[in-house]
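Colleague: Provided below are the primary sequence and the corresponding predicted coordinates.
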Amino acid sequence: MTDSSQAISVSSSPAASARKARAFDALTSQSSLLLGVLVILIIVFTILEPKFFSVATASNILTDWGSIVLIAVGQAFVIISGGIDLSVGAVIGLSGVVAAWTMANVLGLDQTVKGQDAWGGLLVGAAVSIGVGLLVGLINAFLINILKIVPFIATLSTMGAALGLSVVISQGAPIGSANDFALISSFSPQWNPFSPALIVVIVVVTILGLYLHKSRRGLYTYAIGSNAFAARAAGINVARHLTWVYALSGALAGLAGIYVYIRLGAGSPSSGTGRELDAIAAVVIGGVSLMGGIGRLSGVVIGALILFTVQSGLIMIGVEPDWKKVVVAVLIAAAVAAQVLRKSDGRS
Amino acid sequence: MKTPFRAVAVVGALAAASIAITGCTTTETGGEPAVEEISIAFVMGAESDPFFQAMKLGAEEEAAAQGVELIWQGDPANYSAETQIPIVDAVLAQQPDALVLIPTDPVALQASVDKAVAAGIVVANVDTRVEDLSDVLTFITGDNEDGGAKAADALAAKIGYEDGGSYEVVVGLTSPTATTNVGRLDGFTAQIEAEYPGIAIVDVAYSESNPEKAATNVNNWLTKYPGLDGIFAIDGTNASGAAAALEAKGLVGTVGLVGYDAYPDNVAKIESGIFTALIAQDPAEEARLAIRTIVEFIRNGSTSTPAEVVIPNVTLDANTSAADLAKYTYVAN
């Protein structure tokens, strides 16, 4: 961080003006802007409904955020690499259904198995759920790398297949099995809005943030998204890296699948319906360019928070539900416009 | 200027493609061997809803019994007019003798019904209806108004309603236009106004067929209305989401919950006290009657089934016998 007063006092030197520019960048960076938007939203909702400013509301928002931030982070990797993954919503449904089916029919656990007794079953369910997501991700990678189908169409096909398959397996009905609702309930309704499941999500997201921004292979994602041809010329194994990116997105959708399972106590085929669009919205609001090569996970994390703050706020202040879609649409348009304005200002 | 344009184009294409995929990934099942030349297309709302799974079972049974061909179609997951209209078009192109339609929107699907009638196809509506029933052979539905009224009674009993008291309840819906939702809400509201004036319906919200969104709605209501007395979850998806939200917040039994639709998973939650009551329909019987009526009409030129048939709903609660619970639970094949 540059001390701005110092920067101003010696603004005649080129080094100082560079420092000044950096300070300006920090203030106007996507994440700071998004945090500003988030704070403004919280203030507005609190004025309109004082109960909004509470640990209970924070818990509601974070609980929703937990499943979407996982698929949004996966989506961010994919979009930064220059692709798109439309299958993530359907994978939430499919992985949750397969996990529930396994727990109910293979392990023989019904919905009366609760609390700590359910942990063993849930662990198996989590492994199955992540495995299903990983498998879909690998199929996406196969379609894209080997069959050379563009990501949009490849993942659109797996989305349809996953959706159909989850209905076939579940016969349309939610499959109930073992569960411990304490895993998704806040540690303290008065003081601590976090839950054990949320802690897992936060750890996973943090590790992936460090990986994307601090590791060499994380950098590959940007290189491929900026210019896949140049990345290949620079010696990056593009196909192998893209396989990893789609596998990651799938596995994260699988993790979101078991998260939603724990939330509902049942695997339901429609539990991910439309969620891929929420994920893409969070990614775009978070400042990731749909053209690839640009974006930070911190923005995506806050983007998803904004999405659910708006959702929760609109319910709390009693706005007609349909307006939620309008507000989200405006947010996306504003986010994209902000990116373009900042770029044309010479600072990206 | 190029960047935002392309971004918008991508988002637009995405929306169009997601509509396309849900329209073209329909599963075609059923189809009993045709003994006679009668083929009946059955286009329902959303395959992922157990209500329609139970309906499918009834339709298949009756089609087999009557020896007619059944073409069962519908979107795998989205209960919406945008996805249903192209499916109806595709089905009509197969030139069936009859169409049983569960319109996802009374206005948007009217044109599809008119088109079928113009092509000489016999049309029946089940569960939900189009606005103009004049060309529709019969409209068979559960009594949604009555179901809503029964839900109000069950919720009032759970709350321990007394005259002069004041109580807060909320209603979780799936969409603002589904006629079943509207009918149940009307019946619920009318019964409360007539019998329980102390109860105020303080809020409604939509789940868009996603149980997690239903849980989100209930979570926010519980924060906004700390003294909430009851929830009317107007369909199976809302019932699942509301039940999970109450369990996670440790409010089972404190907040009354009356659900709709006898999903197996939800019926099991009556016993554990999570649901005060479930209002159940008989979707299999609706489908059986629709097919029976159509076959009778095509073979005899007339039918004894009235133009509108209402099949009563039942209230399932802790006092319901195990036999009745089993009878009304929606079971798929």
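Modeller: Arrived safely, thanks for sending.

Colleague: pretty sure B:D186 contacts B:D146?
Modeller: No. Assessed by CB atoms under 8 Å, B:D186 is found out of contact with B:D146, at 10.7 Å. (Each C-beta comes from the backbone N, C-alpha and C, glycine too.)

Colleague: more crowded one of these two?
Modeller: B:D146 (17 against 14; other CB atoms under 10 Å in any protein chain shown).

Colleague: tell me the phi and psi of the residue nearest the centre of chain A?
Modeller: Residue closest to the average C-alpha location in chain A (CA atoms, centre = their mean): A:A72, at 2.0 Å. With angles defined as degrees, to the nearest 10, A:A72 sits at phi -70, psi -40.

Colleague: and B:V202, by the same measure?
Modeller: The phi/psi pair for B:V202 (degrees, to the nearest 10) is phi -90, psi -20.

Colleague: got a pLDDT number for residue 187?
Modeller: As the question left the chain open, I've gone with chain A. Looking at A:F187, its pLDDT stands at 91.

Colleague: please go with chain B instead
Modeller: On the pLDDT scale, B:G187 gets 96.

Colleague: that one against B:G147, yeah?
Modeller: Yes. With contact defined as CB under 8 Å, B:G187 and B:G147 form a contacting pair (6.4 Å).

Colleague: between these two, who's got more neighbours?
Modeller: B:G147 (25 against 22).

Colleague: need the contact list for the more buried one.
Modeller: By CB atoms under 8 Å, 6 or more residues apart in numbering or on different chains, the residues touching B:G147 are B:183-184, B:187, B:260, B:279, B:281, B:313.

Colleague: cool, and B:A108?
Modeller: If you count contacts by CB under 8 Å, 6+ apart, B:A108 has them with B:81, B:85.

Colleague: test my guess that A:A154 contacts A:G137.
Modeller: No. The criterion here is CB under 8 Å, and A:A154 misses it with A:G137 at 11.1 Å.

Colleague: more neighbours, those two?
Modeller: A:G137 (30 against 25).

Colleague: pLDDT below threshold where in the chain?
Modeller: In the absence of a named chain, chain A is used. A:1-28, A:343-348 (pLDDT under 70).

Colleague: to clarify, I was referring to chain B.
Modeller: Looking along chain B with the criterion set at pLDDT under 70, you get B:1-36, B:332-333.

Colleague: mind doing that once more with 80?
Modeller: For chain B, the stretches flagged by pLDDT under 80 are B:1-37, B:48-49, B:76-78, B:177-179, B:331-333.

Colleague: which ones are touching residue 265?
Modeller: Let's take chain A. A:111, A:176-177, A:179, A:181, B:243-244, B:247.

Colleague: my bad, chain B
Modeller: Applying CB under 8 Å, 6+ apart, the residues near B:D265 are A:111, A:173-176, A:266, B:240.

Colleague: just A:G225 next, same as before
Modeller: A:79-82, A:291-294.

Colleague: and B:E168, by the same measure?
Modeller: B:E168 neighbours (CB under 8 Å, 6+ apart): B:199-200, B:202, B:225, B:227-230.

Colleague: next one: A:S54
Modeller: Contacts of A:S54 by CB under 8 Å, 6+ apart are B:T223.

Colleague: phi, psi of it?
Modeller: Dihedral angles (degrees, to the nearest 10) for A:S54: phi -150, psi 160.

Colleague: and the gap between it and B:T254?
Modeller: For A:S54, the distance to B:T254 equals 19 Å [CB to CB, to the nearest Å].

Colleague: ranges for the strands of the stretch 201-333 of chain B?
Modeller: In the stretch 201-333 of chain B, the strands defined using DSSP state E, counting those that start in this stretch lie at B:230-233, B:256-260, B:277-280, B:308-311, B:314-317.

Colleague: list the buried ones in the second one?
Modeller: Taking 16 or more other CB atoms under 10 Å in any protein chain shown as the neighbour-count basis, strand B:256-260 is seen to contain the buried residues B:256-260.

Colleague: identify the residues contacting that strand?
Modeller: Outside strand B:256-260, the residues touching it (CB under 8 Å, 6+ apart) are B:147, B:151, B:154-155, B:158-159, B:169, B:184, B:229-236, B:238-239, B:242-243, B:246, B:266, B:274-280.

Colleague: try it again at 7 Å.
Modeller: The contact list for strand B:256-260, computed with CB atoms under 7 Å, 6 or more residues apart in numbering or on different chains, reads B:147, B:151, B:154-155, B:158-159, B:184, B:229-236, B:239, B:242-243, B:246, B:266, B:274-279.
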